[in-house]
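# Can you look at this prediction? I've put the sequence above it.
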Amino acid sequence: MAKGTKGSVPTGRRATVRVKTARGRTVSSQRWLQRQLNDPYVEEAKKRGYRSRAAFKLLQIDDQFQFLKPGGRVIDLGAAPGGWTQVSVERVSSGKIKGVVIGIDLTPVEPIAGATVLAKDFYDDDAPALLTELLGGPADVVLSDMAAAATGETQVDHMRIMGLAEAAHDFAREILKPGGAFVAKVLRGGTERVLLDRLKKDFEKVRHFKPEASRADSAEMYVVGTGFRG
């Protein structure tokens, strides 16, 4: 699918679904279920065959920064369940021009046409060499939508996700080609300054971006680095 063919926002409206109280269902789980059932991105993801609503986050990020280009080589870190991998395949493979998309996650991912997804830890020493071999060369884009399981402790959760973003950046430095791009999920909070300072040394432009598909009450946002200096 060419960039922008179906747009990056849901289409159409439907009636609000109300969830009835059920035995054994907590108030929080009832609220979560009602939000899911009434989330237009969840519905649109089902219509388009995306593995998750998170696919629209990448669609909107790429609409803004335009780094997924036909013929590109892409690494998707923490690929499960596969929504970002699907979008990457759509955008780097157009007509006769075929890109290469490699996902990697400890959680097994159901096969995705046009991509290879490894059940492997990207922390492994041999991961960069293996991914480079599968790509057929250095990467044009490294993506990370990784997030650690929430603890409920704001500072702990922040430190965990920032640790993942920093590890993804270290990985990207090994595998990106000059001019490449890097995207990683972060949370608003004090320590992202350290990551930003590191990114500014490696990329010509570094920006924060919160796609419309990110829920308004979520602290998540994305850091985007373009123009890797190599």
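Sure, I can see it.
# Tell me where the protein has strands.
73-77, 100-105, 115-119, 139-144, 176-187, 203-209, 220-228 (DSSP state E).
# mind checking how far the spatially most central residue of the chain is from Lys98?
Centroid-nearest residue in the chain, with C-alpha atoms, centre = their mean: Asp145, separated by 3.6 Å. Separation of Asp145 from Lys98 (C-beta to C-beta, to the nearest Å) stands at 23 Å. (Each C-beta comes from the backbone N, C-alpha and C, glycine too.)
# Apart from its chain neighbours, what residue comes closest to Val92?
Gly99 (2.7 Å; C-beta to C-beta, 6 or more residues apart in numbering).
# tell me the contacts of the one you found?
Taking C-beta atoms under 8 Å, 6 or more residues apart in numbering as the criterion, Gly99 is in contact with 69-74, 88-89, 91-93.
# try Lys120
Lys120 neighbours (C-beta under 8 Å, 6+ apart): 104-106, 127, 130.
# which among those residues gets closest to Pro81?
Asp105 (8.9 Å; C-beta to C-beta).
# give me every residue that touches that closest one.
Per C-beta under 8 Å, 6+ apart, neighbours of Asp105: 77-80, 117-120.
# send the alpha carbons of the lengthiest helix in the chain over as CSV?
In the chain, with assignment by DSSP state H, the single longest helix is helix 154-175. The C-alpha coordinates for helix 154-175 follow below in CSV (Å, rounded to 0.1, in the frame of the first residue of the first chain):
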residue,chain,number,x,y,z
THR,A,154,5.5,6.4,38.1
GLN,A,155,9.2,6.8,38.6
VAL,A,156,10.0,3.1,38.3
ASP,A,157,8.0,2.8,35.1
HIS,A,158,9.7,5.9,33.7
MET,A,159,13.1,4.6,34.4
ARG,A,160,12.3,1.2,32.9
ILE,A,161,11.0,2.5,29.6
MET,A,162,13.9,5.0,29.4
GLY,A,163,16.3,2.1,29.9
LEU,A,164,14.7,0.3,26.9
ALA,A,165,14.9,3.5,24.8
GLU,A,166,18.6,3.9,25.6
ALA,A,167,19.3,0.3,24.8
ALA,A,168,17.5,0.7,21.5
HIS,A,169,19.6,3.8,20.7
ASP,A,170,22.8,1.9,21.5
PHE,A,171,21.6,-0.9,19.1
ALA,A,172,20.7,1.7,16.4
ARG,A,173,24.2,3.2,16.5
GLU,A,174,25.6,-0.2,15.6
ILE,A,175,23.3,-1.0,12.7
